[in-house]
Structure formats: C-alpha cells, structure tokens
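[1] one predicted model, sequence on top.
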Amino acid sequence: MPMSRRVTLAARPVGFPQNSDFALDEVEIEAPGPGEVLVDVLWTSVDPYQRGRMNEARSYAAPLQIGDVITALGIGEVVESNDSRFSPGELVVGQLGWQEYAVARAGTLRPVPSGLDPPTLALHAVGMTGFTAYFGLLDVGRPRPGDTVVVSAAAGAVGQIVGQLAKLAGCRAVGIAGGPEKTRDLTEVYGYDSAIDYKSDDVTAALDGEHVDVYFDNCGGAISQAVYRRLNLGARIVVCGQIAQYNAERPEPTFQPGLLIVFRARMEGFLVSDYASRFDEAARRLAHWVANGDLRWREDVTDGLANAPRAFIGMLNGENRGKALVKVARSRS
C-alpha cells in the first residue's frame, strides 16, 4: 500500500518546544469516504497558534492529543474526490496538517484562486494570514484616516500586512519588532512610518508623543503594557495573538481594565474563523492589492516535511523574516 509520512505530537512542550516534542512516522494512505477528498500536500504552514494547540488547557479549539498529526493549513493537489466541488488536479487550501497526504471533508477546503502566482500566497497574503490582518484591523480596529496604528510583532506574517493595510486606510503606522534587520524591513519594505526595536529601545519612551488610536496586539506581555500608556481617548485594542506568552509556564498578566476607563478605550479579541462567510471578499481585495504592488510580501521556505518542527521552533524564536512555510519533499512510496 502507498504510504504517507506525517509529523505528530510526541510530548506536550513544557515552556519552549523542543525537537523531541515531535515525531515523524509513516502510515498507509487512507481512501476518501463520501464527501471527502484525498489531497497530495505540497506546502504546509507554520504559525504561532499551533503552539496553543499543543497545550492541554481549554481554548477556542480542542487541544492536540499525543500522537495526533500537527494541525496546519496547507496547499495541495486533489488526487481523488468524492465530492462534485473538486476534481483531481485542482489546487486546494485547507487544514491539511503536517503530512504528505491528507483526507479532508470537501466543505473545509477552498480552491486556490486561479492565476494566483505563486499559489503559496493562499497561505499568507491572500489567505488566512491576510484575512486575519484584514478583518482584525478593518472590522475590529476600525481605523480612520489620520489615526495612529501601532502593531506589535509587526515583522511577523500578520503584522507585515496590518501595517500596509493601515497605510492604505490613510493612517500613520508604527511597528514594534526585534532587531535592526526587522525594524529596517518595516520601514523600507512594508511602508511603516516608524519602527521600534524592543530589544534595544525603551518602548514607552520610543512612543513618547504618539497618541495610539488603534493597537493591534500580536504579542501581549511587557510590550503591550508599554503601549497601553500611550493610548488615545477612544482607542481600539485589537487582541490578535499573545506570542510573548505562548511558551511561558506562568504567563504574565497583560490586561489592565482600569486603562479602558481612563482612555474610554475598547479591547476586543477575535478569531478569523468567525469571518468565514466573508473570506471571498477579503481574498478579492487582498489579491487586488498584491497585483497592484500595494501589498508586499516575503516567504521563508524550509524544504522537507521532516524539518517542519525546526521551522516551527525557529518561527517562535523570531528567526523568520517572511511567512514561514514548509515545502513538502517528494520521497514517497
């Protein structure tokens, strides 16, 4: 029988993940059932949210169990379809996991837009990463022309797009990232008006004189505490992620409800999946901006499924300067 390699959760990480928390094994390829599609996985994604799924604690999605395939968005080619919506040879995007072949319910897959070049854009700028930035900033943050938008983890895949969307909305964009290369990327590549290096700058002092109308929070922790001190009246705080907290055994408190009163601010968390009915809208607008050169992007691609854990750990360490992806190698029986 044909076999498929996959990366599974071998142990729940304690603090920062290690290579030993993952295992590479091989299983027989399943046949798709009614309404299902067999997909040959070509690229798979590496994202911060995956770290939360490795914990046992209750969250917005069920935790992975030991031995489960690591959950991940991916792009693949349809091999066999038992649903009229998809035919062999089509490229699709969906939750395919860190594995060479996946059987997925047809209703959970979306076609990769025709003409999208490269197709991997469907995993970031014109995919879930872009959708997260689009709905988080425009629907939750509600920026107005002239607003100051501050973004933490601004050099990450979501943050890169948020800053560019803020500029398209007529706002001033200030990004917070770690290291001179990343802060230089923010202003020279992604169009941020200014950038703060949290590794060398005092974030509170660097924000002196800024009146933050929208704070797009990707990290939490001390950086968010610093931004809160510079909120404007009526500020909107968009809670997208907490990457500074994901690997902490005892996460530090970030939320300061008293500041919401002082600044008459609004803090709102969101999940991009809540906007699934509007994904086509976001994809059309994001693809248009990419085609026009208004939305710039970068990929960091790791070759080989076996190297997915290394790419994931590197992403959590902040080693990537673009969207972290894994190209699934062709060593198949």
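    Cool, got the structure.

[2] the host helix or strand of F279: which residues count as buried?
    Secondary-structure assignment from DSSP states H and E places F279 in helix 279-292. Buried residues in helix 279-292, counted by 16 or more other Cβ atoms under 10 Å: F279, A282, A283, R285, L286, A287, W289, V290. For every residue, glycine as well, the C-beta is placed using N, CA and C.

[3] run through who's touching that helix.
    With contacts defined as Cβ atoms under 8 Å, 6 or more residues apart in numbering, helix 279-292 is touched by 110, 113, 116, 121, 125-127, 130-131, 134-135, 164, 168, 275, 295, 297.

[4] repeat for stretch 312-322
    So stretch 312-322 is in contact with 16-19, 46-48, 50-51, 155, 157, 160, 178-179, 181-182, 185, 243, 246-247, 297-300, 311, 324, going by Cβ under 8 Å, 6+ apart.

[5] about what we covered before: output the buried residues of helix 279-292 as CSV; include the columns distance to A173 and pLDDT.
    Formatted as CSV, those follow (distance: Cβ to Cβ, whole Å; pLDDT from 0 to 100):
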residue, distance to A173, pLDDT
F279, 24, 96
A282, 19, 98
A283, 23, 96
R285, 18, 98
L286, 17, 98
A287, 22, 97
W289, 15, 98
V290, 18, 97
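
[6] reformat the residues you listed as a markdown table; add distance to N232.
    Below are the buried residues of helix 279-292 laid out as a markdown table (distance: Cβ to Cβ, whole Å):
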| residue | distance to N232 |
| --- | --- |
| F279 | 31 |
| A282 | 27 |
| A283 | 32 |
| R285 | 27 |
| L286 | 28 |
| A287 | 33 |
| W289 | 27 |
| V290 | 31 |
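
[7] closest one to I66 out of these, please.
    Nearest to I66 among those is F279, at 32.2 Å by Cβ to Cβ.

[8] which stretches of the stretch 1-150 of the chain have low pLDDT?
    Across the stretch 1-150 of the chain, the ranges flagged by pLDDT under 70 are 1.

[9] likewise the stretch 151-300 of the chain?
    Across the stretch 151-300 of the chain (using pLDDT under 70), the flagged ranges come out as 243-255.

[10] which stretches of it form helices?
    157-168, 180-188, 203-206, 221-228, 257-262, 279-292 (DSSP state H, counting those that start in this stretch).

[11] counting by contacts, list what the first one packs against.
    I take that to be helix 157-168. helix 128-134, strand 148-151, strand 172-177, helix 180-188, strand 212-217 (3 or more Cβ pairs under 8 Å, 6 or more residues apart in numbering; DSSP states H and E).

[12] those: which one's closest to L96?
    Of these, nearest to L96 by Cβ to Cβ is helix 128-134, at 12.5 Å.

[13] give the buried residues for that closest one.
    Using 16+ other Cβ under 10 Å as the test for burial, helix 128-134 gives M128, T129, G130, F131, T132, A133, Y134.

[14] break the protein down into its structural domains.
    Under the assignment automatic domain parsing, the domains of the chain span 3-124+297-327, 128-273.

[15] which of the ones you listed is buried the deepest?
    Across the domains of the chain, averaging neighbours per residue (mean count of other Cβ atoms under 10 Å) puts domain 128-273 on top, at a mean of 20.

[16] from start to finish, how long is stretch 2-18 in a straight line?
    30 Å (Cα to Cα, to the nearest Å).

[17] how close does S114 sit to R172?
    As judged by Cβ to Cβ, to the nearest Å, S114 and R172 stand 37 Å apart.

[18] got the helices and strands packed on helix 157-168 as a markdown table, with distance to T71 columns?
    Below are those laid out as a markdown table (distance: least, Cβ to Cβ, whole Å):
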| stretch | distance to T71 |
| --- | --- |
| helix 128-134 | 12 |
| strand 148-151 | 26 |
| strand 172-177 | 27 |
| helix 180-188 | 27 |
| strand 212-217 | 23 |
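
[19] any idea which of the ones you listed gets closest to A265?
    In terms of Cβ to Cβ, the element of the helices and strands packed on helix 157-168 nearest to A265 is strand 212-217, at 8.8 Å.

[20] follow-up on the earlier one: what's the closest of the contacts of helix 279-292 to P145?
    If you rank the contacts of helix 279-292 by distance to P145 using Cβ to Cβ, L168 comes first, at 10.6 Å.

[21] chain neighbours aside, what residue packs nearest to the closest one?
    Leaving aside its chain neighbours, L168 sits nearest to D294 (6.2 Å; criterion: Cβ to Cβ, 6 or more residues apart in numbering).

[22] about what we covered before: looking at the helices and strands packed on helix 157-168, which is closest to V37?
    helix 128-134 (18.8 Å).

[23] which strands and helices sit next to the closest one?
    helix 157-168, helix 279-292.

[24] could you give the angle of the shortest one to strand 212-217?
    Interaxial angle, helix 157-168 versus strand 212-217 (axes from the mean of the first three to the mean of the last three Cα atoms, to 10 degrees): 160 degrees.
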